[in-house]
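Enquirer: Here's a sequence, model it:
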Amino acid sequence: MADEITAADGDSDFNDQLIVSQIVSGQKDLFRLLVRRHERAVYGMGLSFFRNEEDASDFTQEVLLKAYRNLPGFERRSRFSTWLYKIAYNTALNEVSRRKEYLSLADENMDKLIYSGNTPEKIALRNAAKEAVNEAIKELPERFSVCIDLFFFYDRSYQEIEVITGIPVNTIKSHVFRAKILLREKLELFAE
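Expert: Numbering: from 1, shown residues only. You can find the predicted model right below:
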C-alpha cells in the first residue's frame, strides 16, 4: 500500500489524508512517509526560529513526535501540512518566547543551511534574490515575519496562515501586500 501512496504524487493532500487514516487504523509504520514528505519544511521553520542546525534538528524531531502522538486528533478540516505547521509554529513560539529570537527564511545565511547540491550560478542568483528579499522584509514589523515566511517560502494561503498563527486574515493580507510592494521596489533597484 505504501508504494501505491508514494506512486500517486498528483494530489499530496489526498495522499496525506489517506496515510493519516491508515496510521490511525494501525499501520503506524506509514508515518515515515509523512516524515519524508514534510520534515524538510519543518526543519526550515526550525532554522528560522533557532538559527542553528542542531536546534532545528531537535525541533523537527519534537514536532514530528507531537504530530505522531496527536494524529488521532487530526480532524481533517484542513490540510495535513497546515495542521503540522500549526504544531510546529506553536512549538517554536513556546521556545522562542523563552529565547526571544526569530530569523526569516529570507536571511542570506539560510541558503547554506537549507539548500545543497546546486550549481554555483543557482546559488549566486538565489543569494542575490534572498538578499533583496531580506532587505525588504526587514522593513516590515518583526512580528509579521512569520506570516511573510509562511506565505512566500512555505506557499501557505492566507486562511492557512490564520489557522497556523491565529493572526486575522485581513491583517495577514495587509502585511503580505506591503511586503509585495517593498519587494517590488527593492527588486527593481536590484535589477538596475
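
Enquirer: For the longest helix anywhere in the chain, buried residues please.
Expert: Counting residues, the longest helix found in the chain (DSSP state H) is helix 169-191. When neighbours are counted by 16 or more other Cβ atoms under 10 Å, the buried residues of helix 169-191 are found to be Ile172, His175, Val176, Arg178, Ala179, Leu182, Leu183, Lys186. Glycine gets a C-beta too; all of them are placed from N, C-alpha and C.

Enquirer: helices or strands up against that helix?
Expert: If contacts are counted by 3 or more Cβ pairs under 8 Å, 6 or more residues apart in numbering; DSSP states H and E, helix 169-191 sits against helix 120-138, helix 145-152, helix 158-165.

Enquirer: In the last one, which residues are buried?
Expert: What that stands for is helix 158-165. Judged by neighbour count using 16+ other Cβ under 10 Å, the buried positions of helix 158-165 are Tyr158, Glu160, Ile161, Glu162, Val163, Ile164, Thr165.

Enquirer: Looking at those, spot the one nearest Val42.
Expert: The shortest approach to Val42 among those belongs to Ile164, at 12.3 Å (Cβ to Cβ).

Enquirer: Could you verify my assumption that that closest one touches Phe151?
Expert: No - contact between Ile164 and Phe151 fails when scored by Cβ atoms under 8 Å: they sit 10.8 Å apart.

Enquirer: care to break the chain down by domain?
Expert: Per automatic domain parsing, the domain ranges recorded for the chain read 1-103, 104-192.

Enquirer: With that, I have no additional questions.
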